[in-house]
Structures are given as C-alpha cells and as structure tokens.
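Q: Take this sequence and fold it.
(chains A, B, C and D)
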4 protein chains.
Amino acid sequence: MDLGIKGRWAILAGSSRGLGRACAESIAREGVNVVINGRTQTDIDVAVKELISRYGIEAIGVMGDSATASVQDELMVACPQPDIVLLNGQGPSPKNFLDIEIEDWNNAIVQALTGPLGLVQRVVPGMKERQFGRIVAVSSAMVKSPNSLMSLSHGTRLGLTGVLKGLSKDLAKFNITVNQLLPERFDTARQEQMAHVAMKFLGITYEEARAQQIASIKAGRLGRPDEFGDAFAFLCAAQAGYISGQNLQLDGGSYEGVF
Amino acid sequence: MDLGIKGRWAILAGSSRGLGRACAESIAREGVNVVINGRTQTDIDVAVKELISRYGIEAIGVMGDSATASVQDELMVACPQPDIVLLNGQGPSPKNFLDIEIEDWNNAIVQALTGPLGLVQRVVPGMKERQFGRIVAVSSAMVKSPNSLMSLSHGTRLGLTGVLKGLSKDLAKFNITVNQLLPERFDTARQEQMAHVAMKFLGITYEEARAQQIASIKAGRLGRPDEFGDAFAFLCAAQAGYISGQNLQLDGGSYEGVF
Amino acid sequence: MDLGIKGRWAILAGSSRGLGRACAESIAREGVNVVINGRTQTDIDVAVKELISRYGIEAIGVMGDSATASVQDELMVACPQPDIVLLNGQGPSPKNFLDIEIEDWNNAIVQALTGPLGLVQRVVPGMKERQFGRIVAVSSAMVKSPNSLMSLSHGTRLGLTGVLKGLSKDLAKFNITVNQLLPERFDTARQEQMAHVAMKFLGITYEEARAQQIASIKAGRLGRPDEFGDAFAFLCAAQAGYISGQNLQLDGGSYEGVF
Amino acid sequence: MDLGIKGRWAILAGSSRGLGRACAESIAREGVNVVINGRTQTDIDVAVKELISRYGIEAIGVMGDSATASVQDELMVACPQPDIVLLNGQGPSPKNFLDIEIEDWNNAIVQALTGPLGLVQRVVPGMKERQFGRIVAVSSAMVKSPNSLMSLSHGTRLGLTGVLKGLSKDLAKFNITVNQLLPERFDTARQEQMAHVAMKFLGITYEEARAQQIASIKAGRLGRPDEFGDAFAFLCAAQAGYISGQNLQLDGGSYEGVF
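A: Okay, here's the model as predicted:
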C-alpha cells in the first residue's frame, strides 16, 4: 500500500527508542524525512544513521526534552515545515494516589499535557497554511480505563485527549488530522520498567511479573513495536485524511468497553 | 423519598452561589449539616444564615479559594469528619487554543485538577475509616464533547474525570462513591458571563446570545439550579451507595453520543 | 425529597417481581398510581394488594407478556394516559455464540428490542400532548461491556439503547425524558438463576457461584432491589426533567471504562 | 507498506458496488484473492473481471443476499477457508419512529444483525483452527450518535456492534481480530439515495441536499471510497493483529464525543 507521503517531513518527539523509534522506522520506510528526538545523544545518533542508511531519507537529530520550549524551538528550526508530528514522551511512574505530591503533578503535567500542546501550537499555523497535517499522540490505554496507581498518567493524558479532540474539530477542514494511539503492553523497555515496579509493589519475581503482563492481554502476547509503528504510519497516510479525532487502541483486544 | 443522610456533614467547595449553592440547599433540606465555601464573605454569610433558618441544620462558613492548601486545611478544621464532599470551582474562561499561554494552563490546572484532588486526598482516609463517603464533582458537559475554545476547561476537567474514575474503583468497597455531574447551560451567573463572552466573540446582542444558549439545548430551556441540587442530593443518598464512577449529564438531553 | 409526581400514573412492564417490583414500590411510595404487569397472576395480585394497602394509591394488574401487542393494548386500556413507563422484561439466557440459533435471536429480539419499542410507540403520542413523560428501561451492564456468552442480551439491548437515545433527542422538548438503568448483580431471583448457570458451565458449587458474583463487584456486595427502585424513582421525578438520554450504571462501581 | 496478506482469501459480502467494492479493490491490490458478492450479476461480473485483470489475483462471484443462509453456504463453498471477512449489507431506509412496523424491524434485523452473525458463525471455527482471521464490519457513524429517523439502522447495527465486541474478546488469542468501520457520508450511491430522501423529507432541491451533506462533515467534503477501502485493508494486515474490538470512525472528524 502506497501511503502517499514520500518526501514529507516529520517531527517525532521521543523517537530515539521504543515505540517512538518504531514510528520513525515505519514512516522512514515510506520515504518520509524525519527529525529524531530523545534525551540521549548516542541513541539519537544511532537512529539517525540507521534510518538514513536503510531508507535513503534525510534525518536530523535534536537532543533534549521535547516538552520544553527551547527544545521545541530547536525542533522547529530543524524542520520549519513539518507535515507530520508525533507527540510522545516519558510516561509518569506509578504512585499511590494518597502519596502523590504537587511536584509529581507539575512534572507529569509538563510531560504529558502542556509540553505536547506547546509543540502543537508551534506546528498548527503552518499546517493550516499548507493544508496538510497529521498529528498523532502516543497516549495510553489507561485513558479509557483508569487505574488509580497511574493517576499521574491518565490525569494528564486524558486532558490531552480532550484538548486534541476539540482541536481536531477545528482542523479537519484544513486537511489536518489529530489522532491518538492507545497502546497497552508493548514489548519495550517501558514494560521492563513496569515489571520491576510490579516486582516491588507485589513482591513477585521478574518472570511472574512478565507472565502477569501477558496474562492481562486478551491476545495472549505483548504487542510488537513494529505493529505500533505501522499503525502510526497508516494514520499519517495521505488517504487517512478522513480519519480524525480517533483514539485507536492497540491492546490485543483487551479493552472491556463497547466504545 | 428519604435519602437517609440526616445528621451527616458535608464540605461543599464553591457553594455560596450558583450550582454549588443549589447543592447546599438540597442536602440541607434533607438534614445534612454543611460547610459553605466561596470567595465573598457576604455571600457565605447569607447562605449560612438562610440554610440554618430554613432547615434547622448546622452551617459553617469558610471563605477563600478551595483549590488552595490553606483553605482546604480550614475546611477540614471546620468539619473534620465529612461524609459528603462537593468539588466545585470557578470554570476557566474561553480562549482561542493558539493564544493559550502557560500561565493560563497553570491557573486552570490548580482550579480544576490539582486543587480539587488535594481536597480529595484530605477526606478519603477518614471516609475509609468511617465506611461512608459521597464525593461528587461538578464537571462540565464538555468533558464528553470538547470544543477548542474551552480547552482550559476540558483539558483539566477530563484529567480530573479520569483520576476520580480510577479512585472510584478502589473506594467502592469502603462504601465511598465518587461521581461527577456534567451540567450544560443552567440558569446561573455563569451563563450570564458566557452570554457576554459570546456577544464579544460573535458580535451579537445579549438577547441573541441568550437565545443561542437556549437553542443549543434539546429541551428548549436552560436547567434550573434546584434540578441540579436535587441530582446532587440523590447521589449523596444512603441508597445511592451502589452508584459510583458515573458521569451524569444534566443537559436537557443534548449530548449526541450513545454513551 | 419530594419527587413531585404524586397522583401520576405509571405503566410498569415486568413489575410483579424482582427489580421491576422494587421500582413499583419506590414510586408507589411517592404517590404514583401503578399498573403492575407480570406473567403470574398470583404475583400480580400480591403486588397490587400490598401497594394499595401500604401507600393508598390505585393499582391495577395486567397479566401477560408485555412484549406482545395484545398485552400492550391491555396495559393502555388499564392506563390510557401514562406519565411514567418502565420497560422491563425477562433477560435472555446465556448461550455460547456458536450455538445460537435463529429462534434464539427471534425470541430475544421480541423480548428486548421490538417488544419494548411497541410499548414506547403506544405511549409517546399522549405524552407529547400532555407535555410530560418519564420512560425508563431496565437494561444491563453488559450493554457497555459485552461478554459473548450473553450475546442474546447485549445484541438486543444495545439496539434498544440506541433507539431510545435517538428518541430522547426528539422528545426532550416535550418534557419527556428517556433513560436507562444498567444493573449489575442485584440480589434477585435473576442472580440465583445465573448462579445455577455458572454451576453448570463452570462445574462449581452454589456457594462458589455466589461468591464469584460478589467478587466480580467492586463494592464487595450485590445491589439491593430497593436501591434500584429509588434510582428509578429519582429518574421519574418532576425535577429530573433535564436528565435524558442517560445510561446510569448501578454496578457497585465495577465498570472499567471512564465513560 | 507491505500488509503481509498476499495469497490470503477473503469473503466480501456486499462488495460489487460502493464501499464494499472499494474494500475489494484495496485488498486485491495487496494480493488477496476475493469472493465478490452482490445482488446484481452484471455488477459482480464486472468487479470480478476487473480485479483479476488489474491485480492478477483469483476472484469468484457469488450472487444473492448475503444475509441469507443459502447464500452464506454458497460463499463458504466458493471459499472454504477464508482469512478475511467483510460484513456489509444494505442499510435500512429512514423512517419516522412512530411509523415503524414490525415488518420493518424484521427486515432490518436480518440485514444488519442476524444475517451478518450467521456468516460470522460459519467462518469462526476455521479461523480458530488456522489461527488467523480478520473480520471487519461496515457499520455506520450513527451507532455512536443515533438519530431517530434511522432507528432501523442503529437499532440493529448497535446490536451487531455489541455482539462483535463480545466476540472479539474471545477470539483475540486465536489471532482473529474483529473490528468495525463507521463511515459517515462517503461519495457513493448511498449518499445519492439519502439526498433524495432528504429532498422528500425536507422539501429541498438536490443541490441543497448535497450541500447539506457536505456541510454536516467537519472536513468540508465527502469521503472517497478508496480512503475507506484502504482503512479496511489496513485492518486486514498481518501487522494489525494487535488491533481488535475497535470502532474506527471515518467521518471527516465529525463525531462530537471524546470517545
């Protein structure tokens, strides 16, 4: 399937590892030039080098926290006319609701709500002028089924979900789509980290923690990052321009609700 | 209908006027003692006096912004063992998404997300011990159908919605329920204010703005505050203990979605 | 709380036992005259007698399957000008999806979709004329989180949910509300029956089946029919006229989804 | 993007014209062999011939109403081991709720609920054995925002939505996904037909009816069938195996609700 986006440019926040990196891979394969971002220069360098070599596209690295104004400015300098934007950042750590302090909230809010929206504010005016835009946020399955231990996550990500949905209504007429991907348990470093959290919270072994992760997924397996990347690529396609305001769950069929 | 809550105590944030005041009225009528809160001492004094005189209950006034730690501490001093808590605060003003600044977010977040959660953190431990609690937040219809002009509202209130939902799952076994009321267009000062915003944004007259408000409601009228107050009172009833995690829309049947 | 419906008339389908009977009790207590319906004459006679004696209201019994045109005609003869209508019928039995036959569907559809809608068609024109109506359907928690074993239930009840939601939009301006109650695990004969189904399907004892029912509810208990009845009564209240198109879950806080 | 389904077989109900035909085109292009179905032999013949000639795949035609047992049997004879199934049928006509008769319901139910489920019952056992399946239903945007004039449509399609969701939970572990596509206003003969309905209902011209259709879509245009086909193709991809139980709206960003 030809996605019709060869030669376009993408700013990909949080794309040097994990699901973000998989997203970079899938659209680079389709001929999209990319700005790779992350917090570790060596990860970025590896990603940039591999993507250029594999797909013959242009790739630029920008190191730093994409939730900050200064890094967002650098991203825009690296790519002043982005056609595609991936919003992706570090997820907050689990914490008992009663133990959450205001500093926890403030950090989580910057990472998952106001930071990403700052980037959206930067890219939207140009996308409107150029009449093309694909904005996709990596959210979490928990925005649809919250668990209090992850309050810092869904308490911020649901806010983002709402703001993006409202925006999507305004932007549709400019051929700008705004969608979210809701992953649940992909085989990345994040699940390794969550397994260690579970070991500590529940007093179980690593193997038990991993088995619990798999047992919680109706498909009986974790997702593969390349599956995630290809779903992202599809939402970026020229022919996905009629799909907007969607929250696509990638969860192995696990969500209980009908909608 | 006897709601079975005579003699209980309620902390009612933002209850000196409008919908919050209507909530106070409805539960005071059922014999609940109340802490009235607001930003204007005279409003509080009037409310306290009227409620005592009408219903023979106890009522205490606490002035100040209920989203702040100091006022929350005062509320807990006034009522150390609340059975019922109303979360209600000032809604953020409309603003074009591209014009929203970080200060706007920070204010809105304190008012509608972290502030209310601070109060929840204060009341939950005691409610668990006493095996009774009714926590109700005044949210907005926009958490289910966002409009970008109100991003500061649904961007924070949806976060609160998610955190409260997650919490509701943990608290059900303690006979603590956590629910939200989602009003759309009640006949209060808020709609007066929104009418003036509409006059400015749309260049229309006051009468046109009010007519537009009514036209947007399928029931063909605005809601009455006492209708809101009685819905709140019902969710606080002893016999409403099996209802939790709900987002009850009071919108004259206007919401388009099936769920 | 005065519900403002004293002297009104209600047609209550499936009200001689269980949740329907509890609904009858709650509104009769508020002074509403009722038509009691069920499939067993003695149950009806007991209900009618008790309601009259306890509450001094008028009560009329109509025996037969309320999903049939003839019984619906009798209900309208008994009460030509109903203000309140309860839609309630027998729930279909569990069945493995692959074993469902067309006859199973046809029965379930009449019971849970086309039958109830026939009654709605009969009552709506008069309610529009009289500018008052409260239509409430007893649905199931499964309409929001389907389980394939209950396909006959949610496959029909979700259809009803949609039709009633569409209707609610048209009827709001006539002061007619249309809502659903979504129970999960109330302490009625239905749960006894489901326990016996579970014993057979899962090879467990009665005590284990009942313990599983309780364990599935976050509140740690089954609901009480009187809690259900009072929620119904509240939705029938005069002051609930601004609440329409809602699906209120009575499930002890068990539903996982945020909406 | 390589969808990884070259050489697989698909049964495509209602695929000789419109959106179904577009689905056939998109997966034939990916190398999938197809069974084309419709009610008019010449349409089928044209489709079969064109698909074979364009893509070098195998294509078989089966004429008749795919909601009937006999045609379903023929479809299974033509393709005993389908990997992919498209559920697609004629949508019911608009009708005022109070005018709907039992025959209307019975027809709509066979077309949109029990008929499609009969086909699902036929294909699921083999898919489980072969550990691969992609079941996709063409539903309607109205299942999420019902309009009473289309009660026959959402009253049946929502039932199907629920049954498929329940099933999706059971089938995920067999690498069988079950999803729905929810179109709103694609540029097909269906919208022509709806325009004529609107002309009659609203007393407007054809041009006005078409302009209203476009005005109702936030993207400011109707969808193109090839956009629909490619979304279907993506959900059929090997790498879409972690996506199940989803209701993907293709509506130009028009749906108001957050979820």
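Q: Ignoring the adjacent residues along the chain, who's closest to whichever residue of the stretch 1-150 of chain A sits closest to chain C?
A: Using C-beta to the nearest C-beta, A:Ser145 is the residue of the stretch 1-150 of chain A that sits closest to chain C, at 4.3 Å. C-beta here means a position set from N, CA and C on the backbone, and glycine is covered the same way. Closest residue to A:Ser145 in three dimensions, ignoring its sequence neighbours and counting by C-beta to C-beta, 6 or more residues apart in numbering or on different chains: C:Glu256, at 4.3 Å.
Q: List the residues that contact the one you found.
A: The contact partners of C:Glu256, by C-beta atoms under 8 Å, 6 or more residues apart in numbering or on different chains, come to A:145, A:256-257, B:169, C:145.
Q: and what of A:Gln81?
A: Neighbours of A:Gln81 in contact, by C-beta under 8 Å, 6+ apart: A:9, A:126, A:130.
Q: what do you get for A:Arg157?
A: By C-beta under 8 Å, 6+ apart, the residues touching A:Arg157 are A:112-113, A:139-140, A:142-143, B:162.
Q: Which members of the residues you listed are the farthest-apart pair?
A: When C-beta to C-beta is used, the two most widely separated members of the contacts of A:Arg157 are A:Leu113 and A:Met142, lying 14.5 Å apart.
Q: Give me the more crowded residue out of those two.
A: Counted by other C-beta atoms under 10 Å in any protein chain shown, A:Leu113 and A:Met142 do not tie: A:Leu113 has more neighbours, with 26 against 22.
Q: Just the buried ones out of the contacts of A:Arg157, please.
A: Buried subset of those (neighbour count, 16 or more other C-beta atoms under 10 Å in any protein chain shown): A:112-113, A:139-140, A:142-143, B:162.
Q: Using TSV, please lay out those together with secondary structure and pLDDT.
A: Converted to TSV, the buried ones among the contacts of A:Arg157 look like this (DSSP: H, G, I helix; E, B strand; the rest coil; pLDDT from 0 to 100):
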residue	secondary structure	pLDDT
A:Ala112	helix	97
A:Leu113	helix	98
A:Ser139	coil	98
A:Ser140	coil	96
A:Met142	helix	95
A:Val143	helix	97
B:Gly162	helix	98
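Q: Next, the residue of the stretch 1-150 of chain A closest to chain C: phi, psi?
A: The phi and psi values for A:Ser145, taken as degrees, to the nearest 10, are phi -140, psi 80.
Q: thinking again about what came up before, and which of the contacts of A:Gln81 is nearest chain B?
A: Of all the contacts of A:Gln81, A:Gly126 has the smallest distance to chain B: 11.9 Å, by C-beta to the nearest C-beta.
Q: Got phi/psi on A:Gln249?
A: Backbone geometry at A:Gln249, expressed as degrees, to the nearest 10, gives phi -90, psi 130.
Q: ok, how many other residues are close to it?
A: 26.
Q: Excluding covalently adjacent residues, which one is nearest to it?
A: Among residues not flanking A:Gln249 along the chain, A:Leu182 sits closest, at 4.5 Å (C-beta to C-beta, 6+ apart).
Q: is it fair to say the one you found lies in a helix?
A: No. Counting by DSSP: H, G, I helix; E, B strand; the rest coil, A:Leu182 is not part of a helix but strand.
Q: Do I have it right that it meets A:Gln246?
A: No. Judged on C-beta atoms under 8 Å, A:Leu182 makes no contact with A:Gln246 at a distance of 9.9 Å.
Q: Looking at the two, which is more packed in?
A: The residue with more neighbours, out of A:Leu182 and A:Gln246 and counting by other C-beta under 10 Å, is A:Gln246; that gives 27 against 23.
Q: Setting the sequence-adjacent residues aside, check what's closest to the more buried one.
A: Per C-beta to C-beta, 6+ apart, closest to A:Gln246 is A:Asn179, 4.7 Å.
Q: Contact residues of the stretch 101-250 of chain A facing chain D?
A: The stretch 101-250 of chain A comes close to chain D at residues A:144, A:161-162, A:165, A:168-169, A:171-173, A:175, A:177-178, A:217-220, A:223-224, A:226-227, A:230-231, A:233-234, A:237, A:239-250, as judged by C-beta under 8 Å from any C-beta of the partner chain.
Q: Among these, which lie within strands?
A: Judged by DSSP state E, those include A:177-178, A:247-250 as members of strands.
Q: Pick the one among the contacts of A:Arg157 closest to D:Leu149.
A: Distances from D:Leu149 to the contacts of A:Arg157, taken as C-beta to C-beta, are shortest for A:Val143 (33.0 Å).
Q: Look up how far chain B lies from that closest one.
A: Note on A:Val143: its distance to chain B, by C-beta to the nearest C-beta, to the nearest Å, is 7 Å.
Q: hang on, isn't that residue packed against A:Asp251?
A: No. If you go by C-beta under 8 Å, A:Val143 and A:Asp251 don't touch, sitting 11.6 Å apart.
Q: Quick check: neighbours shared by the two?
A: The contact sets of A:Val143 and A:Asp251 overlap at A:Leu182 (C-beta under 8 Å, 6+ apart).
Q: Now do the same for A:Gly252: helix, strand or coil?
A: coil.
Q: Can you report how many residues lie near the closest residue to it other than its chain neighbours?
A: Once flanking residues are discounted, A:Gly252 sits nearest to A:Ala219: 3.0 Å by C-beta to C-beta, 6+ apart. Neighbourhood size, A:Ala219 [other C-beta under 10 Å]: 23.
Q: Pull up the gap between A:Ala219 and chain B, please.
A: Distance from A:Ala219 to chain B, by C-beta to the nearest C-beta: 24 Å.
Q: so who does that residue touch?
A: Going by C-beta under 8 Å, 6+ apart, A:Ala219 touches A:252-254, D:172-173, D:175, D:241-242, D:244.
Q: export these to CSV and tack on distance to D:Phe201 and neighbour count?
A: Formatted as CSV, the contacts of A:Ala219 follow (distance: C-beta to C-beta, whole Å; neighbours: other C-beta atoms under 10 Å in any protein chain shown):
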residue, distance to D:Phe201, neighbour count
A:Gly252, 44, 28
A:Gly253, 40, 29
A:Ser254, 43, 21
D:Ala172, 42, 24
D:Lys173, 47, 16
D:Asn175, 46, 20
D:Gly241, 44, 22
D:Tyr242, 43, 27
D:Ser244, 38, 31
